[in-house]
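Colleague: Here's a sequence, model it:
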Amino acid sequence: MQLMNQNECVSNNNIKLIDLITLLATTTVPGAKTTPLDNLPIRSGSVEVYRQCNHQALYSCLTDSYPLSYHWLGEQAFYQLCNDFIHTHNSDHWDLNQYPLGFRQYLKRQQPTLDQRKGLDAHRQLTCIAEVDATLHAYYYGYPFPLPPHNGAPSLNLERLAKLGAEQLQSLRFTAQPQMRLLMIDDAVSDFIQQHKSIDRSLLTQAQARRLVVSRQGLHNQLCFVEDDFYYFLQQLISGQPLVHCLDDLAQTPFAKSLKPNALLIALERGWLIDYDSDEAENNNSPQLPHTLPHRKN
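Modeller: Residues are numbered from 1 along each chain as shown. Take a look at the predicted model:
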């Protein structure tokens, strides 16, 4: 668009602010490049200054949000992917920290390029690593929706839970805290993540670490390795299955004999389960006591 046409548009009394912003964002400056910011000539007073600053801000945001992916790919490969993402995905939200949330989906579509460069397992490994990055970023900022603070201590009314009758236990279900994910990883990804992140291995009795729990406790993100049996138990439990069904399903697997008797208590103590309900308790004619400690009445 020629400069004269821009002036004509600006002089129009009916022009809106959003039209002016769109005009500036879509103006093509002759000689503009898409190389790293350090190598670009800055044109004082031109729209290119805004373009370059915006590009650098988005790139820094992606780098800060995906540190594991950055180290795994290397600076040059990571920058190229970020550069392509920035040129095809506009930042359309006032909160810049929401911009990186779509990057992991973009990385999932890069399989052909990545596989040719780093081997057949590259796409699967990067996808898993990017999931860890994106999850930690989302939990830190409370995405995808605002969450109440959680101090990491059990919030369930354990005394009430211990007094449930046999019929109530048959339909007992637990609710996992919103900021928790279960991820399956391979040995290569496991070794890589442990080189760059502090991970709790206290629940492991085996050398292999392929089951990862990512959660947020209080002000801190936490990563914890668990064994296959515990992972399967948690997976069934947080899917909404009644506790007795989870134990019955587990009894049909090779994990039945190795699951710790205190597996449920461990999940409660870690703050991974924050509420429960029981069909029998809901149908009881007597008033039901609240589940959580903060609202408990003696």
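
Colleague: and this structure, what are its domains?
Modeller: Following automatic domain parsing, one gets these domains for the chain: 31-141, 158-295.

Colleague: Can you find the helix or strand in this protein with the smallest mean pLDDT?
Modeller: helix 3-11 (a mean of 45; mean pLDDT, DSSP states H and E).

Colleague: Could you save the domains of the chain as JSON lines and add columns showing mean pLDDT?
Modeller: Converted to JSON lines, the domains of the chain look like this (pLDDT from 0 to 100):
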{"stretch": "domain 31-141", "mean pLDDT": "81"}
{"stretch": "domain 158-295", "mean pLDDT": "80"}
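
Colleague: how about the ones you listed in a markdown table, adding mean neighbour count?
Modeller: C-beta coordinates here come from the backbone N, C-alpha and C atoms, glycine included. Listed next are these as a markdown table, based on neighbours: other CB atoms under 10 Å:
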| stretch | mean neighbour count |
| --- | --- |
| domain 31-141 | 16 |
| domain 158-295 | 16 |
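
Colleague: how about the strands in this structure?
Modeller: Taking DSSP state E as the criterion, the chain contains strands spanning 173-176, 180-184, 211-217, 220-226, 273-277.

Colleague: Can I get the second one in CSV? Just the C-alpha atoms.
Modeller: In other words, strand 180-184. Below are the C-alpha coordinates for strand 180-184, written out as CSV (Å, rounded to 0.1, in the frame of the first residue of the first chain):
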residue,chain,number,x,y,z
MET,A,180,-2.9,-32.4,37.2
ARG,A,181,-2.0,-34.5,34.2
LEU,A,182,-0.7,-38.0,33.6
LEU,A,183,1.8,-38.5,30.9
MET,A,184,3.4,-41.6,29.4
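
Colleague: Now the strands of the chain in CSV, please, with extra columns for distance to residue 245.
Modeller: As requested, the strands of the chain are exported to CSV (distance: least, CB to CB, whole Å):
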stretch, distance to residue 245
strand 173-176, 9
strand 180-184, 18
strand 211-217, 21
strand 220-226, 20
strand 273-277, 14
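
Colleague: out of these, nearest to residue 163?
Modeller: strand 273-277 (12.6 Å; CB to CB).

Colleague: Tell me what angle that closest one forms with strand 180-184.
Modeller: 110 degrees (axes from the mean of the first three to the mean of the last three CA atoms, to 10 degrees).
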